[in-house]
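**Student:** Quick one: sequence and predicted model below, then my questions.
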Amino acid sequence: MTEQASTENPTRWLITGGCGFLGTRLIQSLQEQGGHAIRVLDNLSVGTREDLAQVTDFKETTPQSLNSSPDAAELVVGDILDAELALAVARDRDVIVHFAANTGVPNSVENPRMDCEANVLGTFNYLEAARHNRVRRFVFASSGAPAGIVEPPIHEELPAHPVSPYGASKLAGEGYCSAYYHCYGVETVTLRFGNVYGPGSKHKSSVVAKFIRQALDGETCEIYGDGSQTRDFIYIDDLIDAVIKAANTPGIGGEIFQIATSRESTVAEVARMIQKELERTHSDSMKIVFSEPRRGDVSRNFSDTKKARTILGWNASTDLPEGIAKTLTYFLKSANSTLHT
């Protein structure tokens with residue numbers, strides 16, 4: 001692999017979707033390291049100002065009042081479909097981490113146009129912003145969905161056959177990242193995330209967060225299909241470690257990496273893990289029912305992460321029972337905090 005320039009310890013970050021689950025955890029990690037100037041672009045449709053405030057002091061500002069070396073993190077409220085805003089907020093940045101997106105298969109099946117606009121045009125706007133502002137590194141959050149129905153484990157060289165609009169839109173984003181590296185020298189790095197879970201996921205509708213939330217609310221946990229469908233569940237801190245390595249590792253422009261655990265777990269197994277942990281720690285029962293499969297879902301999905309281990313020097317270190325226990329503790333503390341406010 002060759003590269004026109006290398007990225008070493010970027011200190012000026014733009015994080016789209018920075019008020020969300022992934023964004024706030026990345027910001028928390030960067031703040032713990034120290035020495036970083038952080039700018040956040042978020043439309044607040046999912047994450048909130050309060051979520052951001054839990055991990056950093058910040059100043060809400062406008063594109064006209066941005067500071068290249070602020071005393072606190074900067075928040076600009078706006079939409080990724082605003083191309084002029086993208087150009088403004090990417091000014092003087094070393095790296096863009098593009099988390100903002102329409103997430104999940106069901107939303108894309110329900111409204112494929114919205115999914116396309118957010119995930120294709122939104123990504124395009126920030127690649128253009130990176131090009132015009134000479135941003136050195138662009139980290140794109142993708143998923144296993146572009147691969148579609150293939151025999152796992154999924155690896156980076158498999159032909160893509162997406163089966164949902166979400167998978168198609170993420171594949172388009174990956175394609176634009178490749179094109180912007182080869183045509184314009186933007187050092188794009190695509191990370192295909194497994195199913196992310198962990199503390200901070202209270203707004204997430206993915207499997208682990210949804211099941212825990214339903215169980216704590218006394219609701220029945222619904223599994224689509226017979227529960228034999230598999231996913232690769234990755235703990236948030238392991239994923240954030242990969243994002244930081246993707247922003248710093250030289251010589252990886254234009255590359256794609258599977259970021260997961262290389263382990264296959266069924267949805268039913270995960271539900272039972274949550275059920276067992278809930279009974280052990282909270283003496284609560286968890287009711288589970290099975291319903292019709294969802295359109296656009298794949299039956300098996302897990303990743304081969306050898307490329308990330310070899311090139312990024314990265315490996316997931318949190319096993320699933322440990323991660324679920326930590327996640328449940330977070331949800332219980334959040335519930336108790338809400339009760340006492």
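**Tutor:** In hand now; what should we look at?
**Student:** Downstream of the one helix or strand residue 29 maps to, the next helix or strand is which one?
**Tutor:** Element membership for residue 29, per DSSP states H and E: helix 21-33. Per DSSP H and E, helix 21-33 leads on to strand 37-42 as the next helix or strand towards the C-terminus.
**Student:** so what does that next one touch, helix or strand wise?
**Tutor:** Where contact means 3 or more CB pairs under 8 Å, 6 or more residues apart in numbering; DSSP states H and E, strand 37-42 is packed against strand 12-16, helix 21-33, strand 73-77, helix 83-89. The way it works is simple: take the backbone N, C-alpha and C, and place the C-beta from them, glycine included.
**Student:** Out of the ones you listed, which is closest to residue 64?
**Tutor:** Closest approach to residue 64 among those (CB to CB): helix 83-89, 7.9 Å.
**Student:** mind checking how far the very next helix or strand once past the closest one is from the chain centre?
**Tutor:** Next along the chain after helix 83-89, taking DSSP H and E as the criterion, comes strand 95-98. Relative to its parent chain, strand 95-98 has a centroid offset of 12 Å by CA atoms, centre = their mean, to the nearest Å.
**Student:** Listing partners with orientation, what would you give for strand 95-98?
**Tutor:** Using DSSP bridges, the strands paired with strand 95-98 are strand 12-16 (parallel), strand 137-143 (parallel).
**Student:** Report all helices and strands that the one helix or strand in the chain whose mean pLDDT sits lowest contacts.
**Tutor:** Sorting the helices and strands of the chain by mean pLDDT, DSSP states H and E puts helix 320-339 at the bottom, at a mean of 86. The contact analysis (3+ CB pairs under 8 Å, 6+ apart) places helix 320-339 against strand 195-197, helix 207-216, strand 233-235, helix 267-282.
**Student:** repeat that with 10 Å
**Tutor:** Under the contact criterion of 3 or more CB pairs under 10 Å, 6 or more residues apart in numbering; DSSP states H and E, helix 320-339 touches strand 195-197, helix 207-216, strand 233-235, helix 236-248, helix 267-282.
**Student:** Pull out the buried residues from the longest one.
**Tutor:** Neighbour-count burial for helix 267-282, counted by 16 or more other CB atoms under 10 Å, picks out 267-268, 270-271, 273-275, 277-278, 282.
**Student:** Can you add pLDDT and distance to residue 331 and give those residues back as JSON lines?
**Tutor:** As requested, the buried residues of helix 267-282 are exported to JSON lines (pLDDT from 0 to 100; distance: CB to CB, whole Å):
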{"residue": "267", "pLDDT": "95", "distance to residue 331": "18"}
{"residue": "268", "pLDDT": "95", "distance to residue 331": "20"}
{"residue": "270", "pLDDT": "95", "distance to residue 331": "15"}
{"residue": "271", "pLDDT": "95", "distance to residue 331": "15"}
{"residue": "273", "pLDDT": "94", "distance to residue 331": "14"}
{"residue": "274", "pLDDT": "94", "distance to residue 331": "10"}
{"residue": "275", "pLDDT": "93", "distance to residue 331": "14"}
{"residue": "277", "pLDDT": "91", "distance to residue 331": "11"}
{"residue": "278", "pLDDT": "89", "distance to residue 331": "10"}
{"residue": "282", "pLDDT": "75", "distance to residue 331": "10"}
